[in-house]
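Enquirer: Turn this into a structure:
(chains A and B)
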Number of protein chains: 2
Amino acid sequence: LLASALPRLDRLQWVQANWAGVEPLLEPSLRRDYVLTNARGVFGRLMSEYVFGYLLAHERRIIDRYLSQRARRWDRTPPGTLWGKQIGLLGVGSIGAQLARTAKAFGMRVKGYTRWSETSSDVDAYFHGDDRVAFAEGLDYLVNVMPATKATRHLVDEVLLRALPEGAVFVSPGRGRVVDEQALACALRKGRLAAAILDVFNQEPLPSDHEFWSMPNVLITSHTAALNVPADLAALFAENYLRLRRGEPLLHQVDFELGY
Amino acid sequence: LLASALPRLDRLQWVQANWAGVEPLLEPSLRRDYVLTNARGVFGRLMSEYVFGYLLAHERRIIDRYLSQRARRWDRTPPGTLWGKQIGLLGVGSIGAQLARTAKAFGMRVKGYTRWSETSSDVDAYFHGDDRVAFAEGLDYLVNVMPATKATRHLVDEVLLRALPEGAVFVSPGRGRVVDEQALACALRKGRLAAAILDVFNQEPLPSDHEFWSMPNVLITSHTAALNVPADLAALFAENYLRLRRGEPLLHQVDFELGY
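Expert: Next comes the predicted model:
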């Protein structure tokens, strides 16, 4: 909506995006003579509830136990635990930092893969650039919260997926384009991954004939991981508006070149 | 098993129970001339994964979304959140304190109801004795982790359940006898509770013709909330054994009169 209106906004100074991802405004043909801020500060806690809700559902076998209940079966299969497990965060911005903090509350070890920032003290080990394989080794859970940029396209590919231990769980609430879906489907078909929890896809809505829908080790959450909350956005908008009036730097400015 | 063996143990000094609940050893007819220690220190983190796993599954609609997936439906129904919600802990011992700590990591307010201890700084407000109704008011979630004693029998009764707001969620991983199941079933039938997550019951296994099995707002977890972990128990046993040898007080001694 906004991308098409940009040329007509004669006195544009500032755009506050509702979301963390702002790809439509980054097309090289579009103007860049304004300050673009995104809403990356408001999604961390929702993402945290999503990721740990689904990791706990996996370990506690919540869906299997629900199916047992429908059969009136007293199902004493032991649950697993997050305690002592290792989680890998692809991307450690404001969302990744919140995920790392919550992981620590559940007694987990945390590896982080980032372009360069090493700002979260809840990350036990950082990885960069060509360290993808070392990052993936030993992970129980891999969570992709990378922004979609040229540099991150298909970062989750066959090489990365093969470096994960057998039985790892992949959680994908970030951006569909970061994932090579062919390679992911292959790893799932072979059962190398214990489960994948998929929120975002290359094509959305996910076409109804896609094989992901019926894979027994896939849960699909239809891009609901972090819907924005109007109250949070209003507070962010107000804060940035006051900063603009006072001539101060705005929060969460997007670098048009980096793409986030 | 142990209750029946107690009379034959001529030189009994100490019993380390595998569980937090030790009701069979508290029968007034049984001897009490030994030190009884329970395993209450080892269940907090498992209980925490259970309680927050199910609260997140409720808010994130994990089971509904799974059913949507089976119908290949792109289900964009917004999730709820734990953030800013109020949780009430019936019982704030070692398990309740861990639950309070995790609740704070998810941005929740915490009320605690206890006999007397007020040891957790993560509890925002404490209630005791006749304050049950004031405790229940305004709760989004009620979690029962009270031990089963004479004083706590049917503590979760019609009075307490009616004091909860419409649409509250009840989680019961503690002890079945603390809950008046007739009153609970009535509140569920009327839809006053949005959901109940039930791990323990007056009779276990839950009889296959019990109405709880088929209630749409009930999830049954078949007494799996906190199965004990051998490594944790071994560490506790070893610590208490060394303390016994050195003549030091043992950890987690049970008071036969209080029952915990």
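Enquirer: what about residue A:102, which helix or strand?
Expert: Secondary-structure element containing residue A:102, defined by DSSP states H and E: helix A:94-105.
Enquirer: Helices of chain A, start to end?
Expert: A:2-5, A:44-59, A:62-70, A:94-105, A:132-136, A:158-163, A:181-189, A:230-246 (DSSP state H).
Enquirer: Looking at these, spot the one closest to residue B:219.
Expert: helix A:62-70 (6.5 Å; C-beta to C-beta). Where you see a C-beta, it was placed from the backbone N, CA and C, and this is true even at glycine.
Enquirer: and the stretch 51-200 of chain A, which residues reach chain B?
Expert: Residues of the stretch 51-200 of chain A that fall close to chain B, judged by C-beta under 8 Å from any C-beta of the partner chain: A:52-54, A:56-57, A:59-60, A:62-63, A:65-66, A:68-69, A:72, A:74-79, A:81-83, A:101-102, A:105-107.
Enquirer: swap the cut-off to 10 Å and go again
Expert: A:51-63, A:65-84, A:101-102, A:104-107, A:197 (C-beta under 10 Å from any C-beta of the partner chain).
Enquirer: List buried residues within these.
Expert: When neighbours are counted using 16 or more other C-beta atoms under 10 Å in any protein chain shown, these contain these buried positions: A:51-63, A:65-66, A:68-69, A:72, A:74-75, A:79, A:81-82, A:101-102, A:104-106, A:197.
Enquirer: returning to that earlier point: can you check what angle separates the helix holding residue A:102 from helix B:94-105?
Expert: Relative orientation of helix A:94-105 versus helix B:94-105 (axes from the mean of the first three to the mean of the last three C-alpha atoms, to 10 degrees): 170 degrees.
Enquirer: packing partners for helix A:94-105?
Expert: Secondary-structure packing of helix A:94-105 (3 or more C-beta pairs under 10 Å, 6 or more residues apart in numbering or on different chains; DSSP states H and E): helix A:44-59, strand A:86-90, strand A:109-113, strand A:141-144, helix B:44-60, helix B:94-105.
Enquirer: Now tabulate those in JSON lines and tack on mean pLDDT and distance to residue B:252.
Expert: Below are these laid out as JSON lines (pLDDT from 0 to 100; distance: least, C-beta to C-beta, whole Å):
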{"stretch": "helix A:44-59", "mean pLDDT": "97", "distance to residue B:252": "26"}
{"stretch": "strand A:86-90", "mean pLDDT": "98", "distance to residue B:252": "30"}
{"stretch": "strand A:109-113", "mean pLDDT": "98", "distance to residue B:252": "28"}
{"stretch": "strand A:141-144", "mean pLDDT": "98", "distance to residue B:252": "32"}
{"stretch": "helix B:44-60", "mean pLDDT": "97", "distance to residue B:252": "12"}
{"stretch": "helix B:94-105", "mean pLDDT": "95", "distance to residue B:252": "8"}
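Enquirer: Quick one: those as CSV, columns for distance to residue A:189 too.
Expert: Compiled in CSV, the helices and strands packed on helix A:94-105 are given as follows (distance: least, C-beta to C-beta, whole Å):
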stretch, distance to residue A:189
helix A:44-59, 19
strand A:86-90, 22
strand A:109-113, 25
strand A:141-144, 18
helix B:44-60, 27
helix B:94-105, 36
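Enquirer: Please name whichever of those is nearest to residue B:7.
Expert: Using C-beta to C-beta as the measure, helix B:94-105 is the one of the helices and strands packed on helix A:94-105 that comes nearest residue B:7, at 31.2 Å.
Enquirer: And the closest one, how far out from the chain middle?
Expert: When C-alpha coordinates are averaged (C-alpha atoms, centre = their mean, to the nearest Å), helix B:94-105 and its chain have centres 12 Å apart.
Enquirer: Leaving out chain neighbours, which residue sits closest to residue A:229?
Expert: With C-beta to C-beta, 6 or more residues apart in numbering or on different chains as the criterion, residue A:229 has its nearest non-adjacent residue at 6.6 Å, and that residue is residue A:42.
Enquirer: OK, contacts around the one you found?
Expert: When contacts are counted by C-beta atoms under 10 Å, 6 or more residues apart in numbering or on different chains, residue A:42 touches A:18-20, A:94-95, A:226, A:228-229, A:231-233, A:235-236, A:252.
Enquirer: Neighbour-wise, give me the winner out of those.
Expert: Using other C-beta atoms under 10 Å in any protein chain shown as the neighbour test, these are led by residue A:95, with 29 neighbours.
Enquirer: what about it, distance to residue A:231?
Expert: With distances taken as C-beta to C-beta, to the nearest Å, residue A:95 is found 19 Å from residue A:231.
Enquirer: try residue A:256
Expert: Here residue A:256 is placed at a distance of 29 Å from residue A:231 (C-beta to C-beta).
Enquirer: Check residue A:94 too.
Expert: 18 Å.
Enquirer: Likewise for residue A:194?
Expert: 37 Å.
Enquirer: just residue A:62 next, same as before
Expert: Relative to residue A:231, residue A:62 is positioned 29 Å away (C-beta to C-beta).
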